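J.: Fold the stuff below for me.
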Amino acid sequence: MRLYKYFFSFLLIGFASCNQPYTIKPIGYQKIQLPAKQYQTFNLSGYPYTFDYPTYAVVEQQVSYLGKDKSKDAWLNIRYPQFGATLYISYNAINAKVNIDTLVRDAYTFANNHNSKANFIEDSAYEVNKAVKGVFFHIGGDVATTYQFFATDSTTHFMRAALYFETTPNEDSLAPINQYLFKDMQQMVRSLRWK
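T.: So this is what the prediction gives:
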């Protein structure tokens, strides 16, 4: 008898809670409002380069890497606060101590460090002019950084940049922002000039 009481109680609760028809909700992500593309020039003394960056980004000159202050070495961070993303830029002067082969090999190593999570890694060489050439890396999958590049004049300057998000990587949900910021990275490379 007691079992019947529980059964009818659960049945009554079940009917009472179902007073509205079930509607299927489509799978989707929140719509992201992307700002209009407008650029400004980064051209500060003490930095051996100049380039265009978006007006909705913030340049951070105070940079540390592994506990060392890299601001004096012309390293920068370009933060995108509304997207929770940062473009980390490192710079090396090519000289007797630091040769270009080592820097290029390091750039490929940094990109290939994502092999365990990556679906693919594409590299595409580019040349803006004789003084600015390099490689863009597109890393597919749920990886920490989807886009990286390096730029060099092969004799004096070498710049490397990688875009990271402050969230767990999800390729599908980050795809619109990645594509949007990739265009900013392309503009940066197109406008890059060495001093």
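J.: does the most centrally placed residue in the chain sit in a helix, a strand or a coil?
T.: Centroid-nearest residue in the chain: residue 163, 2.5 Å away (criterion: Cα atoms, centre = their mean). Of the three states, residue 163 takes strand under DSSP: H, G, I helix; E, B strand; the rest coil.
J.: Please enumerate the strands of the chain.
T.: Under the criterion DSSP state E, the chain contains strands at 39-42, 49-54, 58-60, 64-65, 68-69, 76-80, 85-93, 118-129, 132-141, 147-152, 157-165, 193-194.
J.: quick check, distance from the third one to the centre of its chain.
T.: Read it as strand 58-60. Distance, stretch centre to chain centre, for strand 58-60: 15 Å (Cα atoms, centre = their mean, to the nearest Å).
J.: tell me what that strand is packed against?
T.: On a contact count with 3 or more Cβ pairs under 8 Å, 6 or more residues apart in numbering; DSSP states H and E, strand 58-60 meets strand 76-80. Yep, even glycine has a C-beta here, placed from its N, CA and C like the rest.
J.: Flag every buried residue along the helix ranked longest in the chain.
T.: As assigned by DSSP state H, the longest helix anywhere in the chain is helix 171-191. For helix 171-191, a neighbour-count test (16 or more other Cβ atoms under 10 Å) marks 174, 177-178, 180-182, 184-185, 187-189, 191 as buried.
J.: Where does pLDDT dip in this structure?
T.: 1-22, 26-30 (pLDDT under 70).
J.: swap the cut-off to 50 and go again
T.: By pLDDT under 50, the chain contains no weakly predicted segment.
J.: so what's the nearest residue to residue 81 once chain neighbours are set aside up against?
T.: The shortest distance from residue 81 to any non-neighbouring residue, by Cβ to Cβ, 6 or more residues apart in numbering, is to residue 58 (6.4 Å). By Cβ atoms under 8 Å, 6 or more residues apart in numbering, the contact list for residue 58 reads 78-81.
J.: Most neighbours among those residues, which one?
T.: residue 78 (23 neighbours; other Cβ atoms under 10 Å).
J.: which residues does it contact?
T.: Taking Cβ under 8 Å, 6+ apart, we find residue 78 in contact with 53, 57-60, 86-87, 89.
J.: where's it relative to residue 61, distance?
T.: Using Cβ to Cβ, to the nearest Å, residue 78 is found at 11 Å from residue 61.
J.: Now do the end-to-end distance for stretch 105-118.
T.: Start-to-end span of stretch 105-118 (Cα to Cα, to the nearest Å) is 19 Å.
J.: Name the residues of that stretch that are buried.
T.: With burial defined by 16+ other Cβ under 10 Å, the residues of stretch 105-118 counted as buried are 107, 110-111, 114, 118.
J.: Which pair of the residues you listed spans the longest distance?
T.: Pairwise distances across the buried residues of stretch 105-118 (Cβ to Cβ) peak at 15.7 Å, for the pair 107 and 118.
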